[in-house]
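*Asks:* Show me how the following folds:
(2 chains)
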Amino acid sequence: MKSIDDQVQEEFARLQTRKHFLRNCSMGLAGVWLGERSVAADRDGTHSDASDAGQSIPHFPPRAKRVIFLHMAGSPSQLELFDYKPELQKLDGQDCPASFLEGKRFAFIQGVPKMLGPQYPFQQCGQSGAWVSDRMPEFQSVVDRVCFVKSMHTTQFNHGPAQLLLHTGNQNLGSASFGAWTMYGLGSESENLPGFIVLVSGGKTPSAGKSVWGSGFLPSVYQGVQCRSKGDPVLYLSNPEGVSLQQRRRALDAIGRINQQTFNETGDPEVLTRISQYEMAFRMQTHATEAFDLRQEDKATHALYGTEPGKESFANNCLLARRLAERGVRFIQLFHWGWDSHGAAESEALNGGFKTRCEEVDRPIAALLNDLGQRGMLEDTLVVWGGEFGRTPMRENRGGREMRFVGRDHNPGAFTMWMAGGGIKPGISYGETDEIGYEAIENKVSPHDLHATLLHLLGIDHKRLTYMHQGLPQRLSNVTQPSRVVEEIMA
Amino acid sequence: MQACFHRHALVRLTVLAGLVAGALMPCGTGSLAAEERRTTASADELRFFEQKIRPLLVEHCYECHSEEAGEQQGGLLLDRRSGWIDGGETNKAVIPGEPDASLLITAIRYDNDDLQMPPEHRLDDETIALLEQWVRRGAHGPADDMGETEFSRLGDQDYLFDQAENHWAFQPVRAVEIPSSGAIDTEHADWGENAIDGFVLDALSNAELTPSSPADAATLARRLHYDLTGLPPTFEQVTAFQEATEVDPDGATPRLIDQLIESPEFGQHLGRLWLDVVRYADTDNNYRPDTRTPHYHPFAFSYRDYVVRSLNDDKPYDQFLKEQIAADLMGFPADAPQMAALGFYASGPYSSRAQNEALDDWIDVTTRGLMGITAACARCHDHKFEPVPTADYYSLRGVFAAVARVNPLDETKQPLLTSYQPTESQAADFANKRSAIEAKINGAAGKKAKNNNRPIAQKIRETELAELLTFHPGAPARAMVVAERKRPPDSYVFVRGDAAARGEAVPRRFLKILDPQQHAFPESNSGRLQLADKIAAPDNPLTARVFVNRVWGYLIGSHLVDTPSDFGLQGAPPTHPRLLDWLADDFIRHGWSVKHLVRRIVTSQTYQQSSRTRETAAVVDPENRWLWRANRKHLTIEAIRDSMLLVAGRLDRRIGGHPERLWGDDYTRRRAIYGFINRFNLDPTLRAFDFPAPVQTQPARGESIVAQQALFLMNSPLVIDQAAAIASADALTRIESDEAKVEFLFRTILGREPVAAEVTRTLKLVDVQQRFQKPDRPQTRSIVSAWPLVAQALLMSNEFQYVD
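*Replies:* Residues are numbered from 1 along each chain as shown, chains lettered A, B, ... in the order given. All right, here's what the predicted structure looks like:
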């Protein structure tokens, strides 16, 4: 057995070499960036891999090799899941004190709303004694694997900007997503699959659109590739009707020969890259199809996750996330829509759709953590869970009236995220909100702090992973905002 | 009240927590602190600081608390006296003489759990004692900054303006003497009658390089066709050109160039360059969650058509710019075609929630897009690297804040353009559909949506009606305009970009670096007309240079200035500075004629060289910086798509009109420039091929190679269909011998005859593929024989997708 240290060192060395390989051979792994003009990718440093900008990456030995980011789009209520507030229960039904409303902007709350106590009972779970509500019965069994951050806060109170801030470090469009920065810094590990894959469930794309996995000002080669859990997993993956894999193979061989002749005549290395691009696409046809084929999993696994092959579901996406992680996909981002529990309609109310959402994610998440744990993959896979903001301790009263269903409005002041694996200290809770869960007050963590911390776990100094754009060395943690690595949550 | 009580307790805690986290605040305080505090520190004290204290601060604190750190955690700067005396945002860091009362000392002592600095570990006792001693002695130090270093000058506008005085891009464009080819290189005395070639040859000879021989006629024909129209020549056109060059070696090429520049495809192709610069799209950057539809800009297309038309009409570039900035102030009738130019601003990204961002976008596209200066960077503080004080940003913001937007769906405020005329049947069909929708809207009067209380009628207007207006060919064209506000609001600097922190008032005026006298624009309106005049002025040193460089890059495949939207101190220097100036001067002297500029470039020997590599030259200049050969260029996704439709005989060449769907089963056969661009959700195929996200001005197209591009070529319906169309063309099916069929495919798709080896090789592929075709196999949409696959193989070849 090699010691962990040796393995880390090896990984360190391997990453360096791979980087070198990607640059010099310009072979398609995730793909190849050619710079603004033809093959001269490395000329001016602004359009080359991060390592050329005077940075050798990783900056220090990584704790995590890959990320699985479970984004609960719409933002689940921390007050019904993880942030237990008995004080709020006592205030239930009372008019909200004016001091809570002064200077606040809400998406929908008007006038004086009523306080709303936790809608579901909580209990302490596991050795760590973490409080979890009864909506997450399966998750209760894995709390010792996770680290809760209860003191997340953001500056944005609308979904789109808040999602952009959480994923790109900037509430406005145009910045690069966390996944894209990771690809820019570390490159892909897989030769057969895209390095940054996005899976969406819940029937909706995120409010901020595809920019939440976009490459922004980074070269487009680093953007996330949206895949689907039913039908063709990747756009244009299947051969047209009537064309077999063998036929395709022969055709590609012929194209390869034609292109080879072009290379012989021109000596242009980019031609070879194009040849390899077809080869990777061909491999992807086989490998992506295989990776996305959930029927290959045994019954026990399906029972564990609650998966049904062929469906579009969060459960399927969780199992896919594990399969993709096994196959070396660096960054896997899941979006599950439907957590916007205003109480304006049953489908999203805390006493309606919220329960269904919980059921949809509870088992698969617990299964994913256990599964990764049993396979020894949790050690170097970082799992992150959360919404884009939190929800108010007041009951939403859209139009100033009590609504038919129970719900809460958007609250940028406090929300809970949790992380597991990949260098995260398990079984702890970090940060506190006030007694009613309205604002983070202790050990506050902003999206920028989160980015700095997660990059750190990937072996990247967030201040040194930069890209010149608009006259500024841009970075994920946002040059214009303060940020810090939250070392307290690292193992 | 209980809750209230807790609340007060919390506030106090929050303040402390804020200090720990570094008291949140954005960058740039130091440079804003214009007032200078001079304290009398004796030479002894300063020496003590420099020798004992500064090294400690540098080692332990400057990573976060210095100008160099860029963000100045907690607003605290420890590289100047004003920094520690004024302290962070929340408190004074140092009270001279009172170490116990100084937060800095509290923090380094690690006494308080919530305030410990540096965060990694406690300093050793000796260091702490030194710092205590320093505070006790009065905390002396330099008044302004950490000393004469490059870092200390970040954001020092006086220094940056000094630097700018000699910066090439800020110097006036002057006529330049053309180097004479004969004097440089006697062997190439005849190389290039075009002035461009003199400059290039001069640079080549300095690098001890020589130019390449001219490209052969077939290659040149293909290059010219692609660069000037975005479409390949047919086999017949290539052959005709080859013959013409034999008959009239001097006249054939200029004739072809003229013909292509005068073709309507010219504007469709070069227009795309401009649309990248202006971040063109057909929707806003937001969408409506309840209806799951984008915010349509139904009339944005009239701006796109204006761009194409202006280029085809060779509208002088200065006029082109002025109309885009201020057509409504130039005395045109309200329904003049020029009004469509205002789409430059009106069709940009905007969502009602982010008005500041929308103004920022206008400032950015105007300064970076038109002049290559990164003024948007001066929003929160003076520019760190460029001579752009933050006041400049807010002067321009004042201009744009005085501009009124029009609701993109409000037809009454957007003038009808007669330049677009649908056919009678299209107009009739539109009228029918429209009245059906109107009826629906009337029927929904007063009704509100259950889930969010929105009027149903409004929803229908924003979706069905907006979609009809956007896509229906019978819908009218309107100019997407902006207008003047009745009273232009005064403009103030927002301290650190925060709209709530109002600083000094700044008049509307031009950038200081380009107008040192700082003439104020009129008070009565936005001043857009004056802004337009300043930008499109022959003595503006940036405008012509920036545009000339963009066009050069589009045609040559590499830029003279490699940072096309950044000509500032941080930008790349030009490879051929005199050439750039000569081109800019020539451009202006020829009435800002874009066609003249293009003709100037493509008639040069530099442009017409062979793209073949030469080993000796490649060793010296592997990146072809000195242009010893032509660059091979990869086709854009638009050109790939248009070319496939063209060689399949299915390209719809109509000009202008409503956007249409580019992919999917009902894809349009029109050119890609007429594709619908959804700014909120950019199409995945476009994304895979480096089409820029239209949320901000794009300096140049990137070029990546990813597997999704290959998958598109292998499996997308568009490609499969075109391959099938080629294979089922009468002209092919009439041919009996396989060999002749192969020749036909090469001529049709690649525009040339195959060589013998290629015929053999392709026949082998035909043979192999035919064996896969079993007679009992059900005949599918496209794959009825080996020929579609063979045609597709040629479409997928490098030769098809590159321009030599």
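
*Asks:* how near is A:Q246 to chain B?
*Replies:* In this view, A:Q246 and chain B are 7 Å apart by C-beta to the nearest C-beta, to the nearest Å. All C-beta spots, glycine's among them, are computed from the backbone N, C-alpha and C.

*Asks:* which residues touch the nearest residue to that residue once chain neighbours are set aside?
*Replies:* Computed as C-beta to C-beta, 6 or more residues apart in numbering or on different chains, the closest residue to A:Q246 that is not its neighbour in sequence is B:F772, at 7.0 Å. Applying C-beta atoms under 8 Å, 6 or more residues apart in numbering or on different chains to B:F772 gives the contacts A:244, A:246-247, B:786.

*Asks:* Please determine how far B:F772 is located from A:R248.
*Replies:* For B:F772, the distance to A:R248 (C-beta to C-beta, to the nearest Å) stands at 10 Å.

*Asks:* Stretch B:554-573 near chain A at all?
*Replies:* Yes - Stretch B:554-573 comes into contact with chain A (C-beta under 8 Å from any C-beta of the partner chain), by way of B:557-559, B:562-563, B:566, B:568, B:570, B:572.

*Asks:* what's the span of that stretch from first residue to last?
*Replies:* 18 Å (C-alpha to C-alpha, to the nearest Å).

*Asks:* hang on, B:Y492 in a strand?
*Replies:* Yes - per DSSP: H, G, I helix; E, B strand; the rest coil, B:Y492 lies within a strand segment.

*Asks:* Thought B:A391 was touching it, still the case?
*Replies:* No - look at B:Y492 against B:A391 with C-beta atoms under 8 Å: they stay out of range, at 9.9 Å.

*Asks:* any common contacting residues for those two?
*Replies:* Shared contacts of B:Y492 and B:A391, defined by C-beta under 8 Å, 6+ apart, are found at B:504, B:506.

*Asks:* Name the residue in those two with the higher neighbour count.
*Replies:* B:A391 (23 against 17; other C-beta atoms under 10 Å in any protein chain shown).

*Asks:* Work out for me the element that one sits within.
*Replies:* Using DSSP states H and E, B:A391 sits in helix B:390-401.

*Asks:* Going by contacts, tell me the helices and strands next to that helix.
*Replies:* Applying 3 or more C-beta pairs under 8 Å, 6 or more residues apart in numbering or on different chains; DSSP states H and E, we find helix B:390-401 packed against helix B:355-364, strand B:491-494, strand B:502-506, helix B:528-535.

*Asks:* could I get those as TSV with distance to chain A and mean pLDDT?
*Replies:* Listed next are those as TSV, based on distance: least, C-beta to the nearest C-beta, whole Å; pLDDT from 0 to 100:
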stretch	distance to chain A	mean pLDDT
helix B:355-364	5	90
strand B:491-494	13	90
strand B:502-506	17	91
helix B:528-535	19	98
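
*Asks:* Let's have the ones you listed in CSV, adding distance to A:E87.
*Replies:* As requested, these are arranged in CSV below (distance: least, C-beta to C-beta, whole Å):
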stretch, distance to A:E87
helix B:355-364, 38
strand B:491-494, 39
strand B:502-506, 39
helix B:528-535, 56
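
*Asks:* In the stretch 101-250 of chain B, what residue comes closest to chain A?
*Replies:* Closest to chain A within the stretch 101-250 of chain B is B:P119: 7.1 Å, counting by C-beta to the nearest C-beta.

*Asks:* can you pull the pLDDT of the residue nearest to that residue when sequence neighbours are not counted?
*Replies:* In space, and not counting its chain neighbours, B:P119 is closest to A:R484: 7.1 Å by C-beta to C-beta, 6+ apart. A:R484 is assigned a pLDDT of 93 by the prediction.

*Asks:* just B:L646 next, same as before
*Replies:* B:L646 carries a pLDDT value of 98.

*Asks:* for B:V20, same thing?
*Replies:* Note on B:V20: pLDDT of 29.

*Asks:* before we move on, what about B:T90?
*Replies:* We have a pLDDT of 55 for B:T90.

*Asks:* re earlier: mind checking which of the helices and strands packed on helix B:390-401 is nearest B:L329?
*Replies:* B:L329 lies closest, by C-beta to C-beta, to one member of the helices and strands packed on helix B:390-401: helix B:528-535, at 4.4 Å.

*Asks:* So which elements touch the closest one?
*Replies:* Partner elements for helix B:528-535 (3+ C-beta pairs under 8 Å, 6+ apart): helix B:317-326, helix B:390-401.

*Asks:* Please convert those to a markdown table, extending it with mean pLDDT and distance to A:F148.
*Replies:* Below are the helices and strands packed on helix B:528-535 laid out as a markdown table (pLDDT from 0 to 100; distance: least, C-beta to C-beta, whole Å):
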| stretch | mean pLDDT | distance to A:F148 |
| --- | --- | --- |
| helix B:317-326 | 98 | 53 |
| helix B:390-401 | 95 | 41 |
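
*Asks:* give me the element the residue positioned nearest the centre of chain A is part of.
*Replies:* Centroid-nearest residue in chain A, with C-alpha atoms, centre = their mean: A:F69, separated by 2.6 Å. According to DSSP H and E, A:F69 maps onto strand A:66-73.

*Asks:* Can you mark which positions in that strand are buried?
*Replies:* A:66-73 (16 or more other C-beta atoms under 10 Å in any protein chain shown).

*Asks:* tell me which of these is nearest to chain B?
*Replies:* Within those, the smallest distance to chain B is 10.8 Å, found for A:A73 (C-beta to the nearest C-beta).

*Asks:* Could you double-check that that closest one sits in contact with A:S201?
*Replies:* No - under the criterion of C-beta under 8 Å, A:A73 makes no contact with A:S201, lying 9.7 Å away.

*Asks:* shared neighbours of the two, anything?
*Replies:* A:335-337.

*Asks:* any idea which element residue 453 lies in?
*Replies:* Picking chain A for this. Using DSSP H and E, A:T453 sits within helix A:447-457.

*Asks:* CA atoms of that helix as CSV?
*Replies:* Extracted C-alpha coordinates of helix A:447-457, given in CSV (Å, rounded to 0.1, in the frame of the first residue of the first chain):
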residue,chain,number,x,y,z
PRO,A,447,-20.1,32.8,-2.1
HIS,A,448,-16.6,34.3,-2.6
ASP,A,449,-15.3,32.6,0.6
LEU,A,450,-16.9,29.4,-0.6
HIS,A,451,-15.1,29.7,-4.0
ALA,A,452,-11.8,30.4,-2.3
THR,A,453,-12.3,27.4,0.0
LEU,A,454,-13.4,24.9,-2.7
LEU,A,455,-10.5,26.0,-5.0
HIS,A,456,-8.1,25.5,-2.1
LEU,A,457,-9.3,21.9,-1.7
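
*Asks:* That one vs strand A:66-73, what angle?
*Replies:* 160 degrees (axes from the mean of the first three to the mean of the last three C-alpha atoms, to 10 degrees).

*Asks:* which helices and strands sit right next to helix A:447-457?
*Replies:* Applying 3+ C-beta pairs under 8 Å, 6+ apart, we find helix A:447-457 packed against strand A:146-152, helix A:159-168, helix A:178-186, strand A:381-386.

*Asks:* Go through these and name the closest to chain B.
*Replies:* Going by C-beta to the nearest C-beta, the one of these nearest chain B is helix A:159-168, 6.7 Å.

*Asks:* The closest one near chain B anywhere?
*Replies:* Yes - using C-beta under 8 Å from any C-beta, helix A:159-168 reaches chain B at A:159-161.

*Asks:* Report the spatially closest residue to B:A723, excluding sequence-adjacent ones.
*Replies:* The nearest residue in space to B:A723 (C-beta to C-beta, 6+ apart) is B:Q792, at 3.8 Å.
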